[in-house]
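Engineer: pasting the structure only:
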């Protein structure tokens, strides 16, 4: 994940919102936030690949590593992680309900997702600024 990829994804989300396609914007926010979370976890834990893991497994790993990993604690605090984890749980319920009908609280979830994006983006920017070790 690079700054450019984040910027492109954010412009697509803004375009969906401008076109009044809130459901697509919410799903794009969900995927962007999950990509940022994966990037943060993979960057803070060496030799870890989240390629074939499900979203729930990634969130559980994030919660466990946040307790013990000092590198992850410097990137994102426990206080910041609480609304992120809660939003992802709400989104799981939303996606399950989406199979039956379109739920009504799309705008609320979208606003929470955008605030979580800001938290995750700030944390990811810390990683973008850290120079990579050259072998």
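Structural biologist: Good, I have the coordinates. Fair warning: this is a prediction, and the values are worked out from it, not measured in the lab.

Engineer: Give the ranges of residues in the chain that sit below the confidence cut-off.
Structural biologist: 129-135 (pLDDT under 70).

Engineer: Residue 47 versus residue 64, what's the distance?
Structural biologist: 16 Å (C-beta to C-beta, to the nearest Å). Backbone N, C-alpha and C define where each C-beta goes, glycine included.

Engineer: of those two, who's got more company?
Structural biologist: A direct count of neighbours by other C-beta atoms under 10 Å for residue 64 and residue 47 places residue 64 higher, at 10 against 5.

Engineer: Okay, that one and residue 72: tell me how far apart.
Structural biologist: 10 Å.

Engineer: contacting residues for the most centrally placed residue in the chain?
Structural biologist: Nearest to the geometric centre of the chain sits residue 33, at 2.1 Å (C-alpha atoms, centre = their mean). Residue 33 makes contacts with 84, 87-88, 113, 116-117, 120, as judged by C-beta atoms under 8 Å, 6 or more residues apart in numbering.

Engineer: so residue 20, which of the three states?
Structural biologist: Three-state assignment for residue 20 (DSSP: H, G, I helix; E, B strand; the rest coil): coil.

Engineer: so what's the backbone phi/psi at it?
Structural biologist: Torsion angles at residue 20 (phi, psi; degrees, to the nearest 10) stand at phi 60, psi 30.

Engineer: so who does residue 73 touch?
Structural biologist: Per C-beta under 8 Å, 6+ apart, neighbours of residue 73: residue 66.

Engineer: Need the three-state assignment for it.
Structural biologist: helix.

Engineer: where's it relative to residue 67, distance?
Structural biologist: 9 Å.

Engineer: Same question for residue 121.
Structural biologist: 23 Å.

Engineer: Over to residue 7?
Structural biologist: For residue 7, the distance to residue 67 equals 32 Å [C-beta to C-beta].
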